[in-house]
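Undergrad: Structure, please.
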Amino acid sequence: MRGIFRLIYLIIRRPKEALFIGGIFFIFPAVILIYFGVRYAMGSAVPVDLNKRDCDFTQVSDYTHVSGYVYDCWGYYTIPENKTRNFYVIPKFNDDTDPKYIEQVLVIVVDKEDAKSWNAVTSATKTWFTRSSPKTGSPIKIDRYARSMSDVVKNGAIGYLEQCGFSYEGAEKVIVPYILSEDSSAMYKTFSFGILSALLSLICFGVWIAKGANFRR
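TA: Sure thing, here's the model as predicted:
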């Protein structure tokens, strides 16, 4: 509360100084947000399309835009730090018609309220893989940006794959160390707030200059 009263006092008693400080204050989020907005835009410039049969998961890197339909899923794991979400494993098999093993793995974070459809795809994938039945179930459309995996998420993925029969080395080899987390609106939101902060900074400096570009009342 004391900080708020000081801010109000500064605006009322020293408006020119408040405008200058406001201009400086808004510069920092503007630069940071626009920087990350550019990173998202660069990721969208070279997207990864899951609908392509020759899609290579190793093309996914930090801020890569990944979109398309997910036809296969290999279950999920959880981490204590995030109890409201599941981390689903998206496998790429050595052969889409006669699969024998998993070549690559992507991890996507999913809210537990959306788990039903992902569990259905998981069940269909595993029965198809064991030749128990033809692949059924509806594919899931995703439109996400990839971000670097934290150690906790990666260790959880390795532990889960070990439960599925992988060795530690084998699990570490097939996992792509990026997680599909932020939806496609992240770029627009980041740019929007960055541009808004830049405009507020320009307005503050513009008014300050118009009032004489000094700190006199």
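Undergrad: Where does the prediction get shaky in this protein?
TA: Where the chain drops to pLDDT under 70, the residues are 1-13, 136, 213-217.
Undergrad: how's it carved up into domains?
TA: The chain resolves into domains spanning 2-42+188-210, 48-184 when parsed by automatic domain parsing.
Undergrad: Am I right that residue 67 is in a helix?
TA: No. Per DSSP: H, G, I helix; E, B strand; the rest coil, residue 67 lies outside any helix segment and is strand.
Undergrad: biggest strand in the protein, by residue count?
TA: In the chain, assigned by DSSP state E, the strand with the most residues is strand 82-93.
Undergrad: rewinding a little: tabulate the domains of the chain in a markdown table, adding columns for mean neighbour count.
TA: Quick note: C-beta positions are derived from backbone N, CA and C, even for glycine. Output for those, formatted as a markdown table (neighbours: other C-beta atoms under 10 Å):
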| stretch | mean neighbour count |
| --- | --- |
| domain 2-42+188-210 | 15 |
| domain 48-184 | 16 |
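Undergrad: Who are the packing partners of the lengthiest helix in the chain?
TA: Assignment by DSSP state H gives helix 15-45 as the longest helix of the chain. Judged by 3 or more C-beta pairs under 8 Å, 6 or more residues apart in numbering; DSSP states H and E, the packing partners of helix 15-45 are helix 2-13, strand 65-70, strand 140-148, helix 185-210.
Undergrad: now these in a markdown table, with distance to residue 35?
TA: Listed next are those as a markdown table, based on distance: least, C-beta to C-beta, whole Å:
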| stretch | distance to residue 35 |
| --- | --- |
| helix 2-13 | 27 |
| strand 65-70 | 17 |
| strand 140-148 | 15 |
| helix 185-210 | 8 |
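Undergrad: Okay, and the beta partners of residue 88?
TA: Applying DSSP bridges to residue 88 gives these bridge partners: residue 76, residue 108.
Undergrad: so it touches residue 72, yeah?
TA: No. At 10.5 Å, residue 88 does not count as touching residue 72 under the criterion of C-beta atoms under 8 Å.
Undergrad: for residue 81, what are its contacts?
TA: Residue 81 is in contact with residue 152, counting by C-beta atoms under 8 Å, 6 or more residues apart in numbering.
Undergrad: For it, give its distance to residue 39.
TA: 24 Å (C-beta to C-beta, to the nearest Å).
Undergrad: what's the answer for residue 173, then?
TA: 27 Å.
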